[in-house]
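S.K.: the sequence and its predicted three-dimensional model are supplied below.
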Amino acid sequence: MRRTVRAKRRSLKRRNRKSRQQRGGNSTPSIPTTANTTTTANTTTTATTTATVPPELHSSGSIQIGETSPTQTVFPPSKNVSNWLESVSPHNLTAGFKKIPLLPNVAEVFAAGSKSKKLNLDEFPIYTAEKFTQIAELLPYYCPDLTQLYYKYIGYEPTIDMIKTLHLLTSLQILDLQGNDIDDTGIQKLTIALPYLQKLMWLDLSTNNFSETGIQDLANIFPKLPALRCMILSSNRIGDIGANALGIALPHLRSLQRLDLTSIQISDTGVRDLVVAFSSMTNLMELELRYNSIGAMGAKYLADALQNRPTLEGLDVEGNRFGNQGVQYLTTAFPYLPNLTILNLNKNFITDVGAEYLANAFDNLKMLKHLALRFNSFGDAGAKSIAKNLHFLKHLESLDLKNINIGYAGVLEILIALTNPKRVTSTNLVLDIRDNNWIFGSIKDYFRAYTLPAGVTLYIN
């Protein structure tokens with residue numbers, strides 16, 4: 001018995017030494033695999049080799065995969081993926097994986113993921129790259145049925161390690177990779193794995209570091225993501241060229257309901273090329289284009305395209321350069337948006353004229369629940385225009401007029417409008433008028449004697 005144990009230990013040491021040499025000193029042992037079995041008319045020959053890792057997915061510390069079957073293709077074929085990816089099944093586990101010693105806290109991560117099928121690494125005290133790498137490499141084997149993975153703000157190298165085995169998590173529905181500094185090369189590797197996730201519904205790639213090159217690679221696999229409903233690409237360097245690639249490929253995402261393109265550095269030209277896809281996106285419900293450089297002409301391109309999108313419920317264009325002319329263009333789309341409930345026009349250089357354009361279109365926004373206009377430049381005249389037609393918004397739940405230069409007269413007009421008999425509604429309303437044009441400290445005294453309409457909450461300072 002002792003002789004057998006010693007022999008096994010010597011064998012393990014030799015294997016570990018050889019593995020470290022191959023991977024530059026990494027201490028995680030590799031698992032040998034039985035590769036191709038060649039069958040002829042008279043004989044069957046089995047060859048033992050080391051699993052081949054696709055060069056585009058290769059990274060230090062990679063774990064090689066166990067026994068495979070040459071006669072079974074587990075995943076759909078892909079010209080970008082080697083036979084190693086095509087033949088590996090998450091259920092073909094070998095005893096070797098279970099024998100790999102887990103680092104502190106890693107076992108806790110696997111136990112939670114296996115039990116709930118949901119894993120958010122923010123909830124665990126994992127602080128070293130070594131632990132993240134081990135989690136990335138072993139996750140498909142300890143949690144093969146995982147449906148939600150939140151792998152956020154961890155770093156580039158551990159994320160690339162995770163992407164290497166991501167194709168094995170075929171039950172994933174939610175994948176959150178925000179804040180990992182994924183560049184164009186990382187996106188290229190990710191596009192190899194994503195087509196295997198046929199149940200994926202939510203993909204968050206926000207706050208990374210890829211450009212139009214990465215988005216072009218990502219766009220090429222849109223036809224292979226039939227279940228995707230939400231895609232968040234905000235805070236990347238996509239630009240107008242990337243927007244053009246999205247405009248061509250987005251019609252393939254027929255199930256897409258939410259598209260977040262916040263802060264992707266697009267201008268009017270990018271919007272022009274992007275919105276050509278909208279006529280085919282029959283399920284689009286939420287569109288976010290915050291903090292770009294979209295001006296009046298971009299607003300016109302957007303408005304023209306939205307006339308074909310009656311399903312839209314939320315439109316967020318905060319932090320652009322619409323101006324009064326852009327608002328006027330946008331209002332031409334309102335008659336075609338009967339289900340619009342959220343409209344965010346914060347920080348768009350809107351003056352009294354633009355506020356009047358918007359207010360005159362309220363009769364086409366009868367389902368609107370949330371209207372945000374903070375940090376614009378209209379005063380009492382604009383507030384009076386809004387108050388005049390406020391009775392059309394019977395379902396309004398929040399009206400944000402913070403920091404827009406209105407005074408006592410403008411606010412009073414709006415409060416009086418809320419008592420208008422035409423605006424009979426059971427909906428409670430939050431009205432935010434903080435940081436406007438009045439003498440500091442006196443606004444509370446001014447409204448203390450005023451009885452607010454029932455159901456109205458007023459935020460003042």
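M.R.: Arrived safely, thanks for sending.

S.K.: so where's this protein uncertain?
M.R.: Counting by pLDDT under 70, the ranges of the chain that qualify are 1-99, 423-426, 438-451.

S.K.: could you rerun that using 50?
M.R.: 1-10, 12-13, 15-96 (pLDDT under 50).

S.K.: Ile163 sits in which helix or strand?
M.R.: Element membership of Ile163 [criterion: DSSP states H and E] is helix 156-166.

S.K.: ok, then the element right after that helix?
M.R.: For helix 156-166, the following helix or strand on the C-terminal side (DSSP H and E) is strand 174-176.

S.K.: other SSEs contacting that next one?
M.R.: The helices and strands touching strand 174-176, judged by 3 or more CB pairs under 8 Å, 6 or more residues apart in numbering; DSSP states H and E, are strand 148-150, strand 202-204. Every residue, glycine included, has its C-beta placed from N, CA and C.

S.K.: paired strands for that strand, with orientation please.
M.R.: Here strand 174-176 is paired, per DSSP bridges, with strand 148-150 (parallel), strand 202-204 (parallel).

S.K.: let me have those strands in CSV, adding mean neighbour count and distance to Asp260 as columns.
M.R.: Shown next, in CSV, are the strands paired with strand 174-176 (neighbours: other CB atoms under 10 Å; distance: least, CB to CB, whole Å):
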stretch, mean neighbour count, distance to Asp260
strand 148-150, 19, 16
strand 202-204, 20, 8
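
S.K.: picking up where we left off before, got the helices and strands packed on strand 174-176 as TSV, with distance to Phe132 columns?
M.R.: Below are the helices and strands packed on strand 174-176 laid out as TSV (distance: least, CB to CB, whole Å):
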stretch	distance to Phe132
strand 148-150	13
strand 202-204	18
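
S.K.: Asp363 is nearest to which of these?
M.R.: Evaluated over the helices and strands packed on strand 174-176, closeness to Asp363 peaks at strand 202-204, with 35.8 Å, by CB to CB.

S.K.: what's in contact with the closest one?
M.R.: 173-178, 194, 225, 228-232 (CB atoms under 8 Å, 6 or more residues apart in numbering).

S.K.: out of these, which one sits closest to Asp273?
M.R.: Met231 (17.3 Å).

S.K.: hey, what's that closest one bridged with?
M.R.: Those that pair with Met231 in a beta bridge, by DSSP bridges, are Leu203, Leu259.

S.K.: that one - how many residues pack around it?
M.R.: Neighbourhood size, Met231 [other CB atoms under 10 Å]: 23.

S.K.: how about Lys394?
M.R.: By other CB under 10 Å, neighbour count at Lys394 equals 15.

S.K.: buried stuff in stretch 364-377?
M.R.: 364-365, 368-377 (16 or more other CB atoms under 10 Å).

S.K.: returning to what we had before: same list (the contacts of strand 202-204) but as CSV, adding distance to Asn344.
M.R.: Compiled in CSV, the contacts of strand 202-204 are given as follows (distance: CB to CB, whole Å):
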residue, distance to Asn344
Gln173, 28
Ile174, 25
Leu175, 26
Asp176, 23
Leu177, 26
Gln178, 21
Leu194, 30
Leu225, 27
Leu228, 24
Arg229, 21
Cys230, 18
Met231, 19
Ile232, 16
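
S.K.: buried among the residues you listed? Make that a PyMOL selection.
M.R.: Here is the PyMOL command that selects the buried residues among these (16+ other CB under 10 Å):
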select buried, resi 173+174+175+176+177+178+194+225+228+229+230+231+232
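
S.K.: closest one to Leu246 out of the contacts of strand 202-204, please.
M.R.: Nearest member of the contacts of strand 202-204 to Leu246, counting by CB to CB, is Met231, at 9.6 Å.

S.K.: got the contact list for that closest one?
M.R.: Applying CB under 8 Å, 6+ apart, we find Met231 in contact with 203, 205, 253, 256, 258-260.

S.K.: top of those residues by number of neighbours, please.
M.R.: Neighbours here mean other CB under 10 Å. Within the contacts of Met231, the largest count is held by Leu205, at 26 neighbours.

S.K.: do I have it right that it meets Gly179?
M.R.: No: taking contacts as CB atoms under 8 Å, Leu205 lies outside contact range of Gly179: 9.8 Å.

S.K.: that older thread, against which helices or strands is the helix holding Ile163 packed?
M.R.: helix 129-142, helix 184-193.

S.K.: the inter-axis angle of the first one versus helix 156-166?
M.R.: Okay, so that is helix 129-142. 10 degrees (axes from the mean of the first three to the mean of the last three CA atoms, to 10 degrees).

S.K.: please apply the same query to the shortest one.
M.R.: An angle of 20 degrees separates the directions of helix 184-193 and helix 156-166 when computed by the same axes, to 10 degrees.

S.K.: buried ones in helix 184-193?
M.R.: Across helix 184-193, burial judged by 16+ other CB under 10 Å covers 184, 186-193.

S.K.: and the closest residue to Tyr156 other than its chain neighbours, which of the three is it?
M.R.: Distances taken as CB to CB, 6 or more residues apart in numbering place Asp181 nearest to Tyr156, at 4.5 Å, with adjacent residues excluded. Three-state call for Asp181 (DSSP: H, G, I helix; E, B strand; the rest coil): coil.

S.K.: so who does Asp181 touch?
M.R.: So Asp181 contacts 155-156, 159, 208-209 (CB under 8 Å, 6+ apart).

S.K.: so which of the residues you listed wins on neighbours?
M.R.: Using other CB under 10 Å as the neighbour criterion, Thr159 leads these with 25 neighbours.
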